[in-house]
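Visitor: Could you work out the structure for the sequence below:
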Amino acid sequence: MPAPVLIPTEQYFKPFAGRYVDLNARTGGWLLAFFSLTRFALVLQANVTKSYQVVALIFVAMILLPFLLLTRAGRRQIGLVWPARWGGVLLGGVLGVVSCAVLFYLATLCFGLTGSNPLVYISRTYRVPIVLTEDTRRLFFLIYAGISMLFSPIGEELFYRGLVHECFRASMGNARATLLDSAAFAGVHLAHFGLVYSGSSWHFLPGPSLLWVAALFVSCLLFSLGRAKSGSVLGAIVAHALFNVTMSYFIFYHIL
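Guide: All right, here's what the predicted structure looks like:
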């Protein structure tokens, strides 16, 4: 009897990394643990020092990770391809705007324009003049909106909706993997708001943090819908980017 022919499977990780990791739950767990704990610590420290530049390094690392570790087949597997349906990208963008608007108005309804409103708290981390003229308001809006469209949407979506999602999808299925990557994304944002630094001490805001995390969790599900409908992680990136731009709009034109 002839020996069976072994059909080689596509290698998703480059040789130097493939000896240790694969697109499986164990790799996903290690990635989540490392990036979540590192980011949480850096953001908490930045809340004290008011210097957030180092936090951007986390997003840069998330952007570089697929290109450093994955083969071309691996990048395709995590959705790093051109969209098959551009209408899905447009849908993602609309969902990003709507989800942020709902967050702002719901938080304002519940907590007003106080420090318990997540967007108000985040606005206080912005380095802008105390008094903004029409021109300086527009200038700073464009600066912050431009930055917010790039680093975190690209990095976080490649990481959460791309690499981490695919690590868990094989063992958990698409739906459960989506719930997990959304929960991980929402939970790590407690470092940005919920556990707040004010008056030289830390405070936990149970109600506001619950609203914040729940809103981000639902928003992540919508980002995932953008990816699913477009056939590309770009659908999630655009949704996240327009969520952030909308947040910048509310901060500069309704809060500051």
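Visitor: Helices along this protein, start to end?
Guide: For the chain, helices defined by DSSP state H occupy the ranges 15-18, 25-49, 56-69, 72-77, 86-111, 118-123, 134-156, 165-172, 174-188, 206-230, 233-250.
Visitor: now residue 248: how far from residue 137?
Guide: Residue 248 sits 11 Å away from residue 137, taking C-beta to C-beta, to the nearest Å as the criterion. C-beta coordinates here come from the backbone N, C-alpha and C atoms, glycine included.
Visitor: Which one of these two is surrounded by more residues?
Guide: Higher neighbour count among residue 248 and residue 137: residue 248, with 24 against 16, using other C-beta atoms under 10 Å.
Visitor: show me the contacts for the residue nearest to that one when sequence neighbours are not counted.
Guide: Distances taken as C-beta to C-beta, 6 or more residues apart in numbering place residue 145 nearest to residue 248, at 4.2 Å, with adjacent residues excluded. Remark: with contacts taken as C-beta atoms under 8 Å, 6 or more residues apart in numbering, residue 145 is in contact with 244-245, 248-249.
Visitor: pLDDT wise, what is residue 89 at?
Guide: On pLDDT, residue 89 comes in at 98.
Visitor: right, and it touches residue 82 too?
Guide: No. Counting by C-beta atoms under 8 Å, residue 89 sits too far from residue 82 to count as a contact (10.1 Å).
Visitor: and for the two, which residues touch both?
Guide: 232, 234.
Visitor: Settle it for me: which of the two has more neighbours?
Guide: Between residue 89 and residue 82, counted using other C-beta under 10 Å, residue 89 has the larger neighbour count: 22 against 9.
Visitor: What are the neighbouring residues in contact with that one?
Guide: 83, 226, 230, 232, 234-235, 238.
Visitor: let's see it at 10 Å
Guide: Applying C-beta atoms under 10 Å, 6 or more residues apart in numbering, we find residue 89 in contact with 83, 226-227, 229-232, 234-239.
Visitor: Could you find the closest non-adjacent residue to residue 193?
Guide: By the measure of C-beta to C-beta, 6+ apart, the closest residue to residue 193 outside its immediate chain neighbours is residue 118, 4.3 Å from it.
Visitor: For residue 194, see how far away the one you found is.
Guide: From residue 118 over to residue 194 (counting by C-beta to C-beta), the distance is 8 Å.
Visitor: Between the two, point out the one with more neighbours.
Guide: residue 118 (26 against 21).
Visitor: Correct me if wrong: the more buried one contacts residue 104.
Guide: Yes. Here residue 118 reaches residue 104: they are 8.9 Å apart, a contact under C-beta atoms under 10 Å.
Visitor: Show me the common contact partners of those two, please.
Guide: In contact with both residue 118 and residue 104: 215, 247, using C-beta under 10 Å, 6+ apart.
Visitor: Distance check, the spatially most central residue of the chain against residue 146.
Guide: Nearest to the mean C-alpha position of the chain, by C-alpha atoms, centre = their mean, lies residue 156 at 3.9 Å. Using C-beta to C-beta, we find residue 156 at a distance of 17 Å from residue 146.
Visitor: How about residue 92?
Guide: Using C-beta to C-beta, residue 92 is found at 19 Å from residue 146.
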